[in-house]
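A structural model of the following input is requested.
(2 chains)
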Protein chains: 2
Amino acid sequence: MSTVAIVGAGFMGSAMTWPLSDNGHQVRLVGTYLDGEIIAACRKDRWHPKLRRTLPDGVTPFFVEELEEALKGVELIVQGVSSPGVRWAAETLASYLEPTVPVLAITKGLALADDGSLCLLPDYFNSLLPERIRGQVPLAAVGGPCIAGELAGRRPTCVVFAGREEALLQTLVPIFRTTYYHIGTSSDLEGVETCAALKNVYTAGIALASGLLEAAGGPGEAGAHMHNLAAALFAQASLEMERLVELMGGDRRRVHGLPGVGDMYVTCQGGRTVRIGTLLGSGLSLAQALDRLAGVTLESVEAIRILAQALPRLERAGRLGSDELPFLRHLCEIVAQEKPVRLPLDHFFSDSR
Amino acid sequence: MSTVAIVGAGFMGSAMTWPLSDNGHQVRLVGTYLDGEIIAACRKDRWHPKLRRTLPDGVTPFFVEELEEALKGVELIVQGVSSPGVRWAAETLASYLEPTVPVLAITKGLALADDGSLCLLPDYFNSLLPERIRGQVPLAAVGGPCIAGELAGRRPTCVVFAGREEALLQTLVPIFRTTYYHIGTSSDLEGVETCAALKNVYTAGIALASGLLEAAGGPGEAGAHMHNLAAALFAQASLEMERLVELMGGDRRRVHGLPGVGDMYVTCQGGRTVRIGTLLGSGLSLAQALDRLAGVTLESVEAIRILAQALPRLERAGRLGSDELPFLRHLCEIVAQEKPVRLPLDHFFSDSR
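As a prediction, the model looks like this:
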């Protein structure tokens, strides 16, 4: 049995305590500087207020101020902050990291490297580490469809652990695998991580359909929703994700399984990413929509902003045609230029039929 | 402007009258022998009871007994029966078909040829025609995500017209294209039609997750659904559809756009295919589930039955490995052998990660 620290006590970081506990591991759940109230609640009576469940056995909650104690002697660190927190995580964890202690990241997103190019989060995390340890921490990441509340409810879940060292993945999988948490492995970190970021981007885009329906007065007496439109957007998203995975050096087949359409499908079932897309589709500007969702971490918007900066660079380098990715480009216009929603449907599917 | 006959006054056949009418065509909507009540209602006050809408201008309803009159001088026939009705349609229409009058099929399914091999519905339709006209009717088919009630509500919809003659498709598209009905074309009839049949098959399979949730007592206080499971099933479905499209001689890229994941996504939004899968997942046997849905056409079950007959033949011919398509094989067991639901999740994604 191992001692595992999870850094980040939000939904997903906390949900990972269930399979770990069921496998008999000692788990230290460390809140970030944003998680003080959660840790206080967990300390009081083991009730996790976000997941609305009692923490399982073998889990000890720690405040961020107790990080040093929490990380002492751990054999594995789960990096469970949200994408805007990756820099904080790298800087905060730096002095405790060792080449013998792997870091498994559950954050989904993309980053911009210093030169303006797109960068996978595990690589970004590594780039922020001090020279002492940079390039020496064994890194892996989780992809695939996993709503945290379902994992904590021990519902059947299939995910992918991705990393460039297959041997590392083979040591990680048995630590987490349970009868309900099914884990496969992939050496295509580029493909899995690009999908993980893009499923948020495109789910926000697919949810525009719900907002457009609202703006059109709702389904009406005969019950005509806009599922046809949402499905067309889902299909275009799938095709554009392939192109982006390829641009990031991954294998486009990742899009066709758990990390791509699987994760995008589950993300479309509701939650904050659907809410921001719906608000934008209903006619609110980005500023108005963000105002409605004040305090909610919107990794979709963050990722679209990053892509809005990265796409022109890819185009200038001759790696992307100006007519490619029409759906993503429109999302960039909506988010980065506050343009109104006007889906360019007649530019979709141009090279796929 | 053209005169178009639609044979089959169910949801989708009837919904096709909207774009045709909006483009100024004369439309003759012909009920099958099952559609008598619908046509009677349409005759009375132009109210379509299934779509719950008033028929648009330029649409004339015909009873099946008036078929000869309805087909006189038409320039195009839309074949709008459900998959079990294709034989009836071929036999009934045979004497009226001409090499100058194209048939656009909206039926989704697969058939078994006389030799036991899988057969696309347009090819099956053609095979049933008398020698006089066999092989001479210009045939095309519609794929992609299209809920009929949304098309009739003029909601944005993107579809694919597929056929082996690009010139035919180019004559058909402008007849139907409107500001809300976006049509692309594909010469990959095998790919589009295989996807069209399989999206029903796999949507029934994905809906097992909702039934399993019911059987497990529902989401509980913390709200843990089984969306993770549904998403994993969606991903596995996408991967298996690729293999089947390939076996049928199509291009696996069809799976990644409108005909595949697009149509499967929209089918998962509800309706009879989701209902049969949910009932089966909740623990009912096929007979019990069919009893609950008495009178409903279940193209999913029909297609699974056909695949259950076809798969062993493909295996014997060495075209399919015994470990391939584990999800589809389990659906065949549930439907053809009335086995209980026990999803082989650990056999999924074996060659995709």
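
list the contacts for the nearest residue to residue A:177 once chain neighbours are set aside?
The spatial neighbour of residue A:177 that comes closest, neighbours along the chain excluded (Cβ to Cβ, 6 or more residues apart in numbering or on different chains), is residue A:183 at 5.1 Å. In this view, the C-beta of every residue, glycine as well, is placed from N, C-alpha and C. Residues near residue A:183 by Cβ atoms under 8 Å, 6 or more residues apart in numbering or on different chains: A:158-161, A:173, A:176-177.

change it to 10 Å
Contact analysis of residue A:183 by Cβ atoms under 10 Å, 6 or more residues apart in numbering or on different chains lists A:19, A:142, A:144, A:157-161, A:169, A:172-177, B:353.

next one: residue A:267
Neighbouring residues of residue A:267 by Cβ under 10 Å, 6+ apart: A:108, A:145, A:147, A:199-200, A:202-204, A:206-207, A:273-274, A:300, B:227, B:231.

Just the buried residues from the residues you listed, in ChimeraX please.
Once 16 or more other Cβ atoms under 10 Å in any protein chain shown is used to decide burial, the buried members of the contacts of residue A:267 can be selected in ChimeraX as follows:
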select /A:108,145,147,199,200,202,203,204,206,207,273,274,300 /B:227,231
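
By pLDDT, rank the contacts of residue A:267 and give me the bottom one.
In terms of pLDDT, the least confident member of the contacts of residue A:267 is residue A:108, at 88.

count of neighbours near the residue nearest to that residue when sequence neighbours are not counted?
Distances taken as Cβ to Cβ, 6+ apart place residue A:196 nearest to residue A:108, at 4.0 Å, with adjacent residues excluded. By other Cβ atoms under 10 Å in any protein chain shown, 30 other residues sit near residue A:196.

What score does the residue lying closest to residue A:64 once chain neighbours are set aside have for pLDDT?
Residue nearest to residue A:64 in three dimensions, not counting chain neighbours: residue A:33, with 5.2 Å by Cβ to Cβ, 6+ apart. Looking at residue A:33, its pLDDT reads 95.

And for residue A:33, the neighbour number?
Counted by other Cβ under 10 Å, the residues lying close to residue A:33 total 11.

is it true that it touches residue A:85?
Yes. Taking contact to mean Cβ atoms under 10 Å, the distance of 9.1 Å between residue A:33 and residue A:85 places them in contact.

if I look at these two, which residues touch both of them?
Listed as contacting both residue A:33 and residue A:85 by Cβ under 10 Å, 6+ apart are residue A:92.

still on that earlier bit, the residue nearest to residue A:64: what's it in contact with?
Contacts for residue A:33 were tallied using Cβ under 10 Å, 6+ apart; they are A:63-65, A:85, A:88, A:92.

Over to the closest residue to chain B within the stretch 251-353 of chain A. Which of the three states is it?
With distances taken as Cβ to the nearest Cβ, the stretch 251-353 of chain A approaches chain B most closely at residue A:262, which sits 3.1 Å away. In the three-state summary, residue A:262 is assigned as helix, counting by DSSP: H, G, I helix; E, B strand; the rest coil.

Model confidence score at it, please.
Residue A:262 is assigned 98 on the pLDDT scale.

got it, and the one 4 residues further on?
As predicted, residue A:266 sits at a pLDDT of 98.

That one - how many residues pack around it?
28.

Enumerate every residue touching whichever residue of the stretch 51-200 of chain A sits closest to chain B.
Nearest to chain B in the stretch 51-200 of chain A, going by Cβ to the nearest Cβ, is residue A:153, at a distance of 2.9 Å. In this structure, residue A:153 makes contact with A:15, A:18, A:51, A:53, A:147, A:180, B:216, B:219-226, B:228, judged by Cβ under 10 Å, 6+ apart.
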